[in-house]
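Engineer: my questions concern the predicted model and sequence given below.
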Protein chains: 4
Amino acid sequence: MSEKSGQKKQYIVDTARGVFVEKGYKNVTMKDIVDACGISRGGLYLYFSNTQELFLEVLGADGAEPGENGEVEELFGENAFASDILALFLKEQKKELLRRKNNLTMAVYEYFFAHKVPKKDNPLKKKFDMAVRIVEKLIEAGVENGEFYCEDAKGAARNIMYVLEGLKIASQTRGITEETVDREILYIMQGLIIETED
Amino acid sequence: MSEKSGQKKQYIVDTARGVFVEKGYKNVTMKDIVDACGISRGGLYLYFSNTQELFLEVLGADGAEPGENGEVEELFGENAFASDILALFLKEQKKELLRRKNNLTMAVYEYFFAHKVPKKDNPLKKKFDMAVRIVEKLIEAGVENGEFYCEDAKGAARNIMYVLEGLKIASQTRGITEETVDREILYIMQGLIIETED
Amino acid sequence: MSEKSGQKKQYIVDTARGVFVEKGYKNVTMKDIVDACGISRGGLYLYFSNTQELFLEVLGADGAEPGENGEVEELFGENAFASDILALFLKEQKKELLRRKNNLTMAVYEYFFAHKVPKKDNPLKKKFDMAVRIVEKLIEAGVENGEFYCEDAKGAARNIMYVLEGLKIASQTRGITEETVDREILYIMQGLIIETED
Amino acid sequence: MSEKSGQKKQYIVDTARGVFVEKGYKNVTMKDIVDACGISRGGLYLYFSNTQELFLEVLGADGAEPGENGEVEELFGENAFASDILALFLKEQKKELLRRKNNLTMAVYEYFFAHKVPKKDNPLKKKFDMAVRIVEKLIEAGVENGEFYCEDAKGAARNIMYVLEGLKIASQTRGITEETVDREILYIMQGLIIETED
DNA sequence: CATGAATGAGAGTTCATTCAT
DNA sequence: GATGAATGAACTCTCATTCAT
């Protein structure tokens, strides 16, 4: 039973994710979920009492996923060039960025705009800080083995992440081209890489 | 007559602005506006047919205001130091950024997320591009008179603006401290200013 | 003043007629009239308090017009053949019948369905009875001078008028072709005309 | 479930019928139905989205009923006198005609005035044509066994039906007495029956 | 007389939420 | 557990009607 019940809950969360991706957060009604899942109204209430509860579950499932940085961390262990890993990291961010659909971004922003969450528990902040730390470490590694020049790795990492966040909201609200993202990434990388004389 | 009528319309727009600031875009109903304005249901419809129409008016009024760059452009003419003007510009952005209340940001983001507007007409893009151009010119001016060192003024300007946009959404969705903003601004300025030997 | 005022009232009635023709009775709102007339809301109320009042005026103006039987009565005096006059009368009715637009029929029906009017004052009844009397006299005249054969002129006249009324409602609610009307008229005339042996 | 649900739908249709009978078509609001049925606002929308949908259902249920011609067709099989069957048919029409209440007539007219339906699908036309065919067959049968004299059975049938339609609208919009209907029916029958010398 | 801004009642419609089965 | 019918609150929008100017 609890097995089966767990399956159904998971099914709802997965399906709901798609709905949030498509309609944002505030726009989604319990009816939307019911319709998308093809279950009964009452059935949904057995698992979630409102969209917020459901959204948080979607968010949790999302965070728990291996996620975008899996590959990056993998490379970490393999002693690859820091610049390559960073480039890969940025490429993944870019992919995520441009995926205007299948993208929970706006729903997340909407949610955290509507429900102010104390900083300590704010998953948005956690995610951001974690990414900063990853990038910071990458830069430090790059500096150590002479690929990068950078006096303030943490500052650079933060700068990079804020740029990415800016690109993200730009992508969602006014649309940006791949070239725009590439240009920004290039600018960032050039600021780090030691120019060898030719 | 048209005078008075115009006044009332303006009153509605002004009042509605506050409602949008407080509740975002999607959450706002015509009833919210009616209640906030203290007018009748039908009275509102005399001026605006729906919240979108009203929001666009609010947006237009917002854009038309002298706005945040007024002071900056003033200084332009006075041959002040480019670094000072830029610092002022960033300070203004910071103020705007941190003003978590009285801030249309999220409503705007919500709106443009829901209503995809072709790039050509997208006011968000226009505003962004304009700001980039201002910053670019500032940097160029600074480079010319030896305050700044920068090989790619446009790239730097864009980087700055994306960082600001990232900070903005961060401010609205997870809250940031003044120190965080200061730190980012400092990082940006240090990247430009020629370090004099001490 | 009263001259001018009378003119305006007439203008409203005339314009309103078109609106009733187009939308029936129940569908018409004071706003429709105001829009059609291009006058102010308050202005309309100066003359009519509601659509019923206005409709009755339209109806009155309609009945007062020389109307469809003018030509017929003219011929009466000229000692024309009764069969010719009757044919003319029926032709006029046909024209009126088929004019699916510019036709107050449905509005009138709607009105008298909604507002039951005592028979004595019912203009619909008056109009019908008058038409019956005209047809009856025509038939009698035709019988007298040997054009028609008919034992019950009044009965025949009533039969004719009810058929016309049936055709009228058919025309408005399901559409009928000119042929259909012609066929019915022919049937009626053949029932009256004495067949000469050939 | 679907049993019960079907019952409720039927209940709504039946109750709505009464409302349409009383108020016509255009005048009826969803609220009227809701009140008449004693159900909730939302409850009605579970079954019908608007008054048109509901009216069409009422109309369908009406048409599907054994209806006024059931008895007539029964007699057909029993080799009764054609004149008797026709008299019965007309009597039934008369009953229907005079039933000023419990009569969907005006609602139907209103509906088909507002919603022009292509002739092919127009149920009003179908019903009319079917009735014409029945009467035509009756007349032919009567002619065959010497009861009637008629050279154009179809023409006579059509004439009869248009008279009935005329009487119907007259009944609804200005009221007619039973005598009026009787008189018209008598006129029709006399036109058909062969007068035996006395 | 004439205007049109303003009001408020009421129609249409959608959904969150409950509950008997 | 699961269903989906039912309810009622809330929202959008339209008009008849009034009234200060």
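Structural biologist: Arrived safely. Numbers count the residues shown, from 1 in each chain, chains lettered A, B, ... in the order given.
Engineer: what residues go with each domain of chain A?
Structural biologist: For chain A, the structural domains run A:2-62, A:66-192, going by automatic domain parsing.
Engineer: can the shortest one be said to contact DNA strand F?
Structural biologist: Yes - counting by C-beta under 7 Å from any atom of the strand, DNA strand F has neighbours in domain A:2-62: A:2, A:4-5, A:8, A:39-43, A:45-46. C-beta coordinates here come from the backbone N, C-alpha and C atoms, glycine included.
Engineer: so what's the residue count around A:Glu92?
Structural biologist: Look at A:Glu92: counted by other C-beta atoms under 10 Å in any protein chain shown, it has 16 neighbours.
Engineer: ok, A:Ile185 next?
Structural biologist: The local packing of A:Ile185 (other C-beta under 10 Å) involves 20 other residues.
Engineer: which residue, other than its chain neighbours, is closest to A:Tyr149?
Structural biologist: What sits nearest to A:Tyr149 in space, not counting adjacent residues and going by C-beta to C-beta, 6 or more residues apart in numbering or on different chains, is A:Ile194, at 4.7 Å.
Engineer: what of A:Gly175?
Structural biologist: B:Lys119 (5.8 Å).
Engineer: and of the domains of chain A, who's closest to C:Val163?
Structural biologist: Nearest to C:Val163 among the domains of chain A is domain A:2-62; the distance by C-beta to C-beta comes to 55.0 Å.
Engineer: list the buried residues of stretch A:78-94.
Structural biologist: Residues A:82-83, A:85-86, A:88-90, A:92-94 are the ones in stretch A:78-94 that count as buried (16 or more other C-beta atoms under 10 Å in any protein chain shown).
Engineer: name the SS class of A:Asn79, please.
Structural biologist: Counting by DSSP: H, G, I helix; E, B strand; the rest coil, the backbone at A:Asn79 sits in coil.
Engineer: and the gap between it and A:Phe148?
Structural biologist: Going from A:Asn79 to A:Phe148 by C-beta to C-beta, to the nearest Å gives 16 Å.
Engineer: could I get the average pLDDT for the helix or strand where A:Phe20 lies?
Structural biologist: Assigned by DSSP states H and E, A:Phe20 falls within helix A:2-23. For helix A:2-23, the mean pLDDT works out to 88.
Engineer: neighbours of A:Tyr47, how many?
Structural biologist: Applying other C-beta under 10 Å, we find 17 residues neighbouring A:Tyr47.
Engineer: what sits closest to it if chain neighbours are left out?
Structural biologist: A:Lys9 (5.1 Å).
Engineer: in stretch A:114-127, what's buried?
Structural biologist: Neighbour-count burial for stretch A:114-127 flags A:114, A:122-125, A:127 (criterion: 16+ other C-beta under 10 Å).
Engineer: returning to that earlier point: just say which of the domains of chain A is most tucked in.
Structural biologist: domain A:66-192 (a mean of 18; mean count of other C-beta atoms under 10 Å in any protein chain shown).
Engineer: is that domain positioned near DNA strand F?
Structural biologist: No - no part of domain A:66-192 sits near DNA strand F under the criterion C-beta under 7 Å from any atom of the strand; the closest distance found is 14.9 Å.
Engineer: is that domain anywhere near DNA strand E?
Structural biologist: No - shown here: domain A:66-192 not in contact with DNA strand E (C-beta under 7 Å from any atom of the strand), separated by at least 14.6 Å.
Engineer: return the helix or strand in chain A with minimum mean pLDDT.
Structural biologist: Lowest on mean pLDDT, DSSP states H and E among the helices and strands of chain A sits helix A:70-77, with a mean of 68.
Engineer: tell me which helix or strand comes right after that one.
Structural biologist: Counting by DSSP H and E, what follows helix A:70-77 is helix A:82-98.
Engineer: tell me the helix or strand right after that following helix.
Structural biologist: helix A:105-114.
Engineer: hmm, back to that, closest to DNA strand F among the residues of domain A:2-62 next to DNA strand F?
Structural biologist: Relative to DNA strand F, the closest of the residues of domain A:2-62 next to DNA strand F is A:Gly42; by C-beta to the nearest atom of the strand it sits at 1.8 Å.
Engineer: what distance do you get for A:Met189 to C:Ile12?
Structural biologist: Per C-beta to C-beta, A:Met189 is found 76 Å from C:Ile12.
Engineer: same check on A:Thr15?
Structural biologist: With C-beta to C-beta as the criterion, A:Thr15 and C:Ile12 are 59 Å apart.
Engineer: point me to the residue of chain A nearest DNA strand E.
Structural biologist: Closest residue of chain A to DNA strand E, C-beta to the nearest atom of the strand: A:Thr29 (2.5 Å).
Engineer: thought A:Thr51 was touching that residue, still the case?
Structural biologist: Yes - at 7.1 Å, A:Thr29 counts as touching A:Thr51 under the criterion of C-beta atoms under 8 Å.
Engineer: quick one: which helix or strand includes A:Gln172?
Structural biologist: helix A:153-173.
Engineer: quick revisit: using a markdown table, please lay out the residues of domain A:2-62 next to DNA strand F together with distance to chain C.
Structural biologist: Converted to a markdown table, the residues of domain A:2-62 next to DNA strand F look like this (distance: C-beta to the nearest C-beta, whole Å):
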| residue | distance to chain C |
| --- | --- |
| A:Ser2 | 60 |
| A:Lys4 | 56 |
| A:Ser5 | 55 |
| A:Lys8 | 51 |
| A:Ile39 | 43 |
| A:Ser40 | 41 |
| A:Arg41 | 38 |
| A:Gly42 | 42 |
| A:Gly43 | 44 |
| A:Tyr45 | 43 |
| A:Leu46 | 48 |
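Engineer: low-scoring stretches of chain A, by residue?
Structural biologist: Applying pLDDT under 70 to chain A picks out residues A:1-4, A:63-73, A:75-77, A:102, A:195-198.
Engineer: try 50 this time
Structural biologist: Applying pLDDT under 50 to chain A flags the ranges A:1, A:66.
Engineer: ok so, going back, so what's the residue of chain A closest to DNA strand E up against?
Structural biologist: Residues near A:Thr29 by C-beta atoms under 8 Å, 6 or more residues apart in numbering or on different chains: A:Thr51.
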